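Asker: Below are the sequence and a predicted model for it; my questions follow.
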Amino acid sequence: MSETSTTPHSGLGDKTIGEKARAKLGRRNVIFVGLMGAGKSAIGRLVAQQLKIPFVDTDSEIERVSRMTISELFASYGEDEFRALEMRVIKRLLRGGPKVVSTGGGAFVNDNTRRHIKRGGISMWLKADIEVLWERVSKREHRPLLKTENPKATLLALMERRYPIYQEADITIESRDVRKDIIVKEVLEAIASTELKA
Ligand SMILES: Nc1ncnc2c1ncn2[C@@H]1O[C@H](COP(=O)(O)OP(=O)(O)O)[C@@H](O)[C@H]1O
Ligand SMILES: O=C(O)C1=C[C@@H](OP(=O)(O)O)[C@@H](O)[C@H](O)C1
Ligand SMILES: [Mg+2]
């Protein structure tokens, strides 16, 4: 991604937006929340690159520690067990920031997990409308919650139930049908200009 400010950086005024956001962050994590297809995994990775801090996707970490795919976990143990595992993994990942942590869509909806996320850093809701989400998730088959007769209606129902909760995130960014680096820049600008909690 190209950045707009001039290089080389001679002083504070010449900091790039990535550097400004990084300085603001200190040891806080940036935690992406939002519905399936919002872009948490893809945008989170790019944001971490710009901030020059580690990136971790909680679903990948869950798959690594369990040696099972998310679909296999849902099929073998059910959603409640998955949520319990997800909570433990997220709690552990949030230690030792700064990191960018991209969660699965249901993580922030779980009361316990949400408490850990709120304490663990800056929560960032990638908000998207149904058409954007549907266009993205319909291309892939790995999301067990969408293996229903009418997955678009399922997505819409999840949206109605979850959006009031995602709204509790510290920052909301509209994830839309534009280039990813535009969203990444908006995320960095939002971090750089946010009023931080103590
Ligand atoms: N701003 C964007 N523009 C175009 N495609 C995007 C954008 N953000 C995400 N995507 C694509 O949408 C798909 C779903 O994104 P993903 O990061 O897996 O979402 P999530 O982790 O929130 O479910 C991926 O193929 C990703 O590359
Ligand atoms: O919304 C959800 O409850 C889920 C979202 C998925 O992650 P993404 O949001 O990254 O697709 C994954 O954690 C699992 O399939 C459950
Ligand atoms: Mg994801």
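Answerer: Looks like it arrived, so ask away. Ligands and ions are numbered 1, 2, ... in the order given.

Asker: and the helix or strand in which Arg162 is found, average pLDDT?
Answerer: For Arg162, the element it lies in under DSSP states H and E is helix 151-166. Regarding helix 151-166, the rounded mean pLDDT is 98.

Asker: same question, stretch 90-110
Answerer: Stretch 90-110 shows a mean pLDDT of 97.

Asker: Show me which residues of that stretch are buried.
Answerer: Residues of stretch 90-110 classed as buried: 90-91, 93-94, 97-110 (neighbour count, 16 or more other Cβ atoms under 10 Å). For the C-beta atoms, the positions are set from N, CA and C on the backbone; glycine is no exception.

Asker: now stretch 71-88
Answerer: Buried-residue list, stretch 71-88, by 16+ other Cβ under 10 Å: 73-74, 82-83, 86-87.

Asker: State the three-state secondary structure for Ile62.
Answerer: Here Ile62 is recorded as helix under DSSP: H, G, I helix; E, B strand; the rest coil.

Asker: so it makes contact with Ile70?
Answerer: Yes: taking contacts as Cβ atoms under 8 Å, Ile62 lies within contact range of Ile70: 6.8 Å.

Asker: intersection of neighbour lists for these two?
Answerer: 82, 104 (Cβ atoms under 8 Å, 6 or more residues apart in numbering).

Asker: For the closest residue to Pro54 other than its chain neighbours, give me phi and psi.
Answerer: Spatial nearest neighbour of Pro54, excluding adjacent residues (Cβ to Cβ, 6 or more residues apart in numbering): Lys99 at 4.8 Å. Note on Lys99: backbone dihedrals following degrees, to the nearest 10 are phi -150, psi 160.

Asker: ok, which pair from the buried residues of stretch 71-88 is furthest apart?
Answerer: Phe74 and Met87 (15.4 Å; Cβ to Cβ).

Asker: Quick check, central residue of this protein?
Answerer: For the chain, the residue nearest the mean C-alpha position is Phe32 (2.0 Å; Cα atoms, centre = their mean).

Asker: Let me know the distance separating that one from Met68.
Answerer: 23 Å (Cβ to Cβ, to the nearest Å).

Asker: With Asn29 instead?
Answerer: Counting by Cβ to Cβ, the gap from Asn29 to Met68 is 26 Å.

Asker: residue ranges with poor pLDDT in the protein?
Answerer: The model of the chain has pLDDT under 70 over residues 1-13, 198.
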